[in-house]
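A.B. asks: Provide a 3D model corresponding to the input given below.
(chains A and B)
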Number of protein chains: 2
Amino acid sequence: MHFADRLQHAIDKTDSRIVIGIDPDPMRIFAPGSKLQQSFSGKSKEHLLETFCVMVIDVAKQYACAVKPQAAFFESMGITGLTVLSRIIKYARNLGIPVILDAKRGDIGNTGRAYAAAYLHPKSDFFVDALTINPFLGPDTLEPFVEMANENDCGLFVLVKTSNPGSSAFQDLKVTEEDCTSVQTVFEKVAASVAAIGNLNLGNCNFSNVGAVVGATYPENLTRLRQLMPRTIFLLPGYGAQGGTAEDVKPAFLKDGRGALVSSSRQIIFAYEQLDDLRPAPEEIYQAIADAARKTRDDVNCAIASI
Amino acid sequence: MHFADRLQHAIDKTDSRIVIGIDPDPMRIFAPGSKLQQSFSGKSKEHLLETFCVMVIDVAKQYACAVKPQAAFFESMGITGLTVLSRIIKYARNLGIPVILDAKRGDIGNTGRAYAAAYLHPKSDFFVDALTINPFLGPDTLEPFVEMANENDCGLFVLVKTSNPGSSAFQDLKVTEEDCTSVQTVFEKVAASVAAIGNLNLGNCNFSNVGAVVGATYPENLTRLRQLMPRTIFLLPGYGAQGGTAEDVKPAFLKDGRGALVSSSRQIIFAYEQLDDLRPAPEEIYQAIADAARKTRDDVNCAIASI
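C.D. replies: Residues are numbered from 1 along each chain as shown, chains lettered A, B, ... in the order given. Just a heads-up that it's a prediction; the model follows:
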């Protein structure tokens, strides 16, 4: 099934437009006295990492339309971390949860093809439903990813406008034609490119398998980007811990409440850190994560109901 | 020792300004009837991959100032590929060869820090001398990499102008101030940012540990970029198979022949494919790679002698 249709199916099933980011920051989960470690004392780091990710995925099954593991944290734990990443990707996919790997890859020619094969080929250890990619090297470098995604019913999310404070430095630069008449930002140029590539492969739901990453922290850009990319699914990071609110993300959605995914990670997955108990039971940890996920889902649904 | 000094030491020792790219494209090394497979018949893919990389590193010891493994190809071979990557990084570093991992990473906040920890922290499975990074997300996202590099005497190479045909689409966009007077390209803006960050940490050789990736395929930009980044080491991909020549790269070097590294990969590491023998002996394969590396080194030295 086309990636966008698969995603829409998951949204309908869970009544959720949220994507839970799996960001197992070792500085937090393995911090001395961490409640997670206290709760699962005696377990190896590898086991603790996997247990934590599995718990987040189990929560996502009920309250999220997808999970988004962040490659960086797994890479920072070396071969052990990557082995766990491979296993939890399979665990989530076996449960029917779409997996968007946040790896922000990008490279030229046959190197780009190798990255595509690493994440979008069914035989790979890291085969996922969708991958985030970085467009800086140029539209030609997106092609191998698009080809591999099309072949295997996968999706892509291209960075268009990121959620960090410094994203304006290069992405917001104003590009002027020689006659100084039309002005566009770099991110609008990228958006136009993403829309053009994406329009070639629409699902039955009429959305493309090539999505865009657009920071929830810059609501003023969302309306313009929605105009430039009408058939593009927006993945909106920056919600929650980074300051984006349910009101902020409204302009990313179409009037029918479709077309965007709200990504939240720290505010959900580390919700158990707020528990009073210094050594919470595993069920309490699970419940804290589930409560935070449900609340995020409901907040977003509530905001969308008023579009 | 400061990364730039370590690199200069390697350049002096080998009389070489070339970096050999380790790009073990599985489509080539495992292709049916590949001369490498014929030569090492009966070996597992993992063993063949490692044997090939070790051979390239042994060649590099004599003819190159560094090696540059391309992460994508190892990732495309999953956990097996990454395990070999970890081993060959250690192999090269034990021989005293600087390793520049070409991974083009980039992400925000604590995610960027996790990528930095994955490659620039001595305890990591993938600890290298230097890492390539992508600046699209903004200068704030370079900071965690710079901090970790400074702490551990590592280097960085920031993408400024890449070697692919489509790199102009976003990197060459012309940015105009509101009064339409000054005009700069996006890549010049990135270059200015790289120079500013890099000037904070110069080695005894007076070069920074923050370098720049500048495609050898765009010689017309090299002079301008050298002006903008006087203390920056340029890593020049695109030499050889992509069309860059020894003459093309001259403007990247200072008058004393310092300040740039010429990266060549396919033209060197796959040189054995040109052998007449369908099943060459391992020594013949080694010799073909060594001959190609020596020729590249000498061509570059020759061009530099005439600066």
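
A.B. asks: which single residue in the stretch 151-300 of chain A comes nearest to chain B?
C.D. replies: A:G166 (3.1 Å; CB to the nearest CB). Any C-beta I mention is one placed from the backbone N, CA and C, and that applies to glycine too.

A.B. asks: helix or strand with the lowest mean pLDDT in chain A?
C.D. replies: Ranking every helix and strand in chain A by mean pLDDT, DSSP states H and E puts strand A:174-176 at the bottom, with a mean of 86.

A.B. asks: packing partners of that one?
C.D. replies: Packing partners of strand A:174-176 (3 or more CB pairs under 8 Å, 6 or more residues apart in numbering or on different chains; DSSP states H and E): strand A:183-185, strand B:174-176.

A.B. asks: mind putting those strands in TSV, distance to A:K250 included?
C.D. replies: Putting these into TSV (distance: least, CB to CB, whole Å) gives the following:
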stretch	distance to A:K250
strand A:183-185	22
strand B:174-176	31
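
A.B. asks: redo those strands as TSV? Include distance to A:I57 and mean neighbour count.
C.D. replies: Below are the helices and strands packed on strand A:174-176 laid out as TSV (distance: least, CB to CB, whole Å; neighbours: other CB atoms under 10 Å in any protein chain shown):
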stretch	distance to A:I57	mean neighbour count
strand A:183-185	37	16
strand B:174-176	43	17
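
A.B. asks: quick one, strands of the stretch 51-200 of chain A?
C.D. replies: A:66-69, A:100-105, A:130-133, A:155-161, A:174-176, A:183-185 (DSSP state E, counting those that start in this stretch).

A.B. asks: closest to B:C53 out of those strands?
C.D. replies: Comparison of those against B:C53 by CB to CB identifies strand A:100-105 as nearest, at 21.2 Å.

A.B. asks: helices or strands up against the closest one?
C.D. replies: Going by 3+ CB pairs under 8 Å, 6+ apart, strand A:100-105 lies up against strand A:66-69, helix A:71-75, helix A:109-120, strand A:130-133, strand A:155-161.

A.B. asks: quick check, A:I133 in contact with A:V158.
C.D. replies: Yes. With contact defined as CB atoms under 8 Å, A:I133 and A:V158 form a contacting pair (5.5 Å).

A.B. asks: any idea how far B:L159 is from the residue of the stretch 151-300 of chain A closest to chain B?
C.D. replies: A:G166 is 16 Å from B:L159, where distance means CB to CB, to the nearest Å.

A.B. asks: and the lengthiest helix in chain A, what's buried?
C.D. replies: When chain A is scanned for its longest helix (criterion: DSSP state H), the result is helix A:282-305. For helix A:282-305, the neighbour count (16 or more other CB atoms under 10 Å in any protein chain shown) marks A:284-290, A:292-294, A:296-297, A:299-300, A:303-304 as buried.

A.B. asks: any idea how far that helix is from the chain center?
C.D. replies: Helix A:282-305 sits 17 Å away from the centroid of its parent chain (CA atoms, centre = their mean, to the nearest Å).

A.B. asks: residues in contact with that helix?
C.D. replies: By CB atoms under 8 Å, 6 or more residues apart in numbering or on different chains, the residues outside helix A:282-305 that reach it are A:14-18, A:20, A:35-36, A:39-40, A:55-56, A:58-60, A:62-64, A:239-240, A:246-247, A:249-250, A:253, A:257, A:262, A:264, A:267-269, A:271-272, A:274-275, A:277, A:280.

A.B. asks: what is the neighbour count of A:L131?
C.D. replies: 27 (other CB atoms under 10 Å in any protein chain shown).

A.B. asks: equivalent analysis for A:P230, please.
C.D. replies: The burial count for A:P230: 13, using other CB under 10 Å.

A.B. asks: what distance do you get for it to A:G112?
C.D. replies: Distance from A:P230 to A:G112, by CB to CB: 27 Å.

A.B. asks: check A:A292 too.
C.D. replies: Note on A:A292: its distance to A:G112, by CB to CB, is 37 Å.

A.B. asks: quick revisit: how about JSON lines for the strands of the stretch 51-200 of chain A, with distance to A:N199 added?
C.D. replies: Output for those, formatted as JSON lines (distance: least, CB to CB, whole Å):
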{"stretch": "strand A:66-69", "distance to A:N199": "22"}
{"stretch": "strand A:100-105", "distance to A:N199": "21"}
{"stretch": "strand A:130-133", "distance to A:N199": "17"}
{"stretch": "strand A:155-161", "distance to A:N199": "13"}
{"stretch": "strand A:174-176", "distance to A:N199": "22"}
{"stretch": "strand A:183-185", "distance to A:N199": "19"}
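
A.B. asks: out of those, nearest to A:E220?
C.D. replies: That would be strand A:155-161 among those, by CB to CB, at 10.5 Å.

A.B. asks: and that closest one, what does it pack onto?
C.D. replies: helix A:3-14, strand A:100-105, strand A:130-133, helix A:143-151, helix A:186-198, strand A:210-214, helix A:219-228.

A.B. asks: check which residues of it are buried.
C.D. replies: Neighbour counts using 16+ other CB under 10 Å place A:155-161 of strand A:155-161 among the buried residues.

A.B. asks: between the buried residues of helix A:282-305, which sits nearest B:I197?
C.D. replies: Distances from B:I197 to the buried residues of helix A:282-305, taken as CB to CB, are shortest for A:T296 (36.0 Å).

A.B. asks: for A:A4, the count of nearby residues, please.
C.D. replies: 28.

A.B. asks: quickly note the distance from it to chain B.
C.D. replies: 25 Å (CB to the nearest CB, to the nearest Å).

A.B. asks: so that residue sits right up against A:F207, yeah?
C.D. replies: Yes. Between A:A4 and A:F207 there is a contact at 4.0 Å, judged by CB under 8 Å.

A.B. asks: re earlier: mean pLDDT added to the helices and strands packed on strand A:100-105, as CSV?
C.D. replies: Listed next are the helices and strands packed on strand A:100-105 as CSV, based on pLDDT from 0 to 100:
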stretch, mean pLDDT
strand A:66-69, 98
helix A:71-75, 98
helix A:109-120, 97
strand A:130-133, 98
strand A:155-161, 98
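
A.B. asks: export the ones you listed to TSV and tack on distance to B:L101?
C.D. replies: Shown next, in TSV, are these (distance: least, CB to CB, whole Å):
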stretch	distance to B:L101
strand A:66-69	21
helix A:71-75	11
helix A:109-120	13
strand A:130-133	19
strand A:155-161	21
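
A.B. asks: of these, which approaches A:T176 most closely?
C.D. replies: Across the helices and strands packed on strand A:100-105, closest to A:T176 is strand A:155-161 (CB to CB), at 19.1 Å.

A.B. asks: what angle separates the closest one from strand A:210-214?
C.D. replies: In terms of direction (axes from the mean of the first three to the mean of the last three CA atoms, to 10 degrees), strand A:155-161 departs from strand A:210-214 by 30 degrees.

A.B. asks: relative to the whole chain's centre, how far out is strand A:155-161?
C.D. replies: 9 Å.

A.B. asks: likewise stretch A:102-120?
C.D. replies: That offset, for stretch A:102-120, works out to 17 Å (CA atoms, centre = their mean).

A.B. asks: nearest residue to A:I268 other than its sequence neighbours?
C.D. replies: Nearest residue to A:I268, sequence neighbours excluded (CB to CB, 6 or more residues apart in numbering or on different chains): A:A292, at 4.4 Å.
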